[in-house]
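*Asks:* Curious how this folds, go ahead:
(one chain, ligands or ions: 1)
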Amino acid sequence: MSFDLDCVVRPGAAPIIARFASEARLTALVGPSGVGKTSVLNAIAGILAPVEGRIAVAGQVLFDSEAGVNLPPEARGAGYVFQDARLFPHQRVHANLVYGERLARNAGWIGRDEVIELLGVGHLLDRWPATLSGGEARRVAIGRALLAAPRFLLLDEPLSSLDAEKAERLAALIERIRDEIAVPILLVSHAAEEVERLAGQVVTLG
Ligand SMILES: Nc1ncnc2c1ncn2[C@@H]1O[C@H](COP(=O)(O)OP(=O)(O)OP(=O)(O)O)[C@@H](O)[C@H]1O
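*Replies:* Modelled structure (predicted):
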């Protein structure tokens, strides 16, 4: 099972129930704004503790309230690409990528040159994050996450707020990552039609 969740999270007043299991290489989590998609990603990454329940990814239990398991974020191996990229503003693109590489516990999984080629960011290496377009920043953030050799990838709205052509190019890159790199991917989107071609399984939240 790539993602196996049965838990309740409560970031605000209302509880959010996440109950799904997927064997797909890429699972899409869809639902309207505010339904709790980002909160579910945060729970998987270990940033938000569920009130109760169980979370397992790629066969490893990350959280289990009954068994008293709650792995710290750094032990979970998540490659989390936030909706707003969150590159380090004081470091150029190249240094942001090197940061990801330093986090990798097992070397040789995917090389920097391969990531740069895969995501088409070679011409951006000397740029500051503030000078990048939204799509460029997201590609760099995905590259940084991949270089950290994650056990799984969490992508929060990677295709939103991009024009049609740029969204299409990024979708094609995500397809390549899905097909060429064997890590389970959970991708959040508010638009089901956006994820149809990418996802082996679509989970609707709410
Ligand atoms: N830190 C917080 N404090 C209080 N309420 C919160 C907090 N974080 C999230 N919430 C609430 O929890 C609910 C789920 O939020 P979440 O961001 O997970 O939804 P989402 O489906 O990802 O939304 P969007 O698509 O707009 O990003 C919302 O009602 C939100 O207001």
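*Asks:* Going by C-alpha atoms from here, please, whenever you check contacts or count neighbours.
*Replies:* OK.
*Asks:* Run through this structure and note the low-pLDDT ranges.
*Replies:* Residues of the chain that meet the criterion pLDDT under 70 lie in 106-108.
*Asks:* Ramachandran coordinates for the residue positioned nearest the centre of it?
*Replies:* Nearest to the mean C-alpha position of the chain, by C-alpha atoms, centre = their mean, lies residue 154 at 1.8 Å. Dihedral pair for residue 154: phi -120, psi 120, per degrees, to the nearest 10.
*Asks:* which residues touch it?
*Replies:* The neighbours of residue 154, taking C-alpha atoms under 8 Å, 6 or more residues apart in numbering as the test, are 41, 78, 79, 80, 81, 185, 186, 187, 188.
*Asks:* now swap in residue 126 and tell me
*Replies:* 92, 93, 94.
*Asks:* Check which helix or strand it maps to.
*Replies:* For residue 126, there is no enclosing helix or strand under DSSP states H and E.
*Asks:* how far away is residue 68 from the ligand?
*Replies:* Residue 68 sits 24 Å away from the ligand, taking C-alpha to the nearest ligand atom, to the nearest Å as the criterion.
*Asks:* If you tally nearby residues, what's the number for that residue?
*Replies:* Applying other C-alpha atoms under 10 Å, we find 8 residues neighbouring residue 68.
*Asks:* Spell out which residues of the chain are next to the ligand.
*Replies:* Contact residues, the chain versus the ligand (C-alpha under 6 Å from any ligand atom): 11, 12, 33, 34, 35, 36, 37, 38, 39.
*Asks:* now, which of the residues you listed sits nearest residue 104?
*Replies:* Nearest to residue 104 among these, counting by C-alpha to C-alpha, is residue 38 at 24.3 Å.
*Asks:* Phi first, then psi, for the residue lying closest to that closest one once chain neighbours are set aside.
*Replies:* Closest residue to residue 38 apart from its sequence neighbours, by C-alpha to C-alpha, 6 or more residues apart in numbering: residue 156 at 6.9 Å. The phi/psi pair for residue 156 (degrees, to the nearest 10) reads phi -100, psi 110.
*Asks:* cool, and residue 27?
*Replies:* When read as degrees, to the nearest 10, the backbone of residue 27 gives phi -110, psi 130.
*Asks:* So what pairs up with it in the strands?
*Replies:* residue 186, residue 201 (DSSP bridges).
*Asks:* so what's it up against?
*Replies:* Residue 27 touches 184, 185, 186, 187, 199, 200, 201, 202, 203, counting by C-alpha under 8 Å, 6+ apart.
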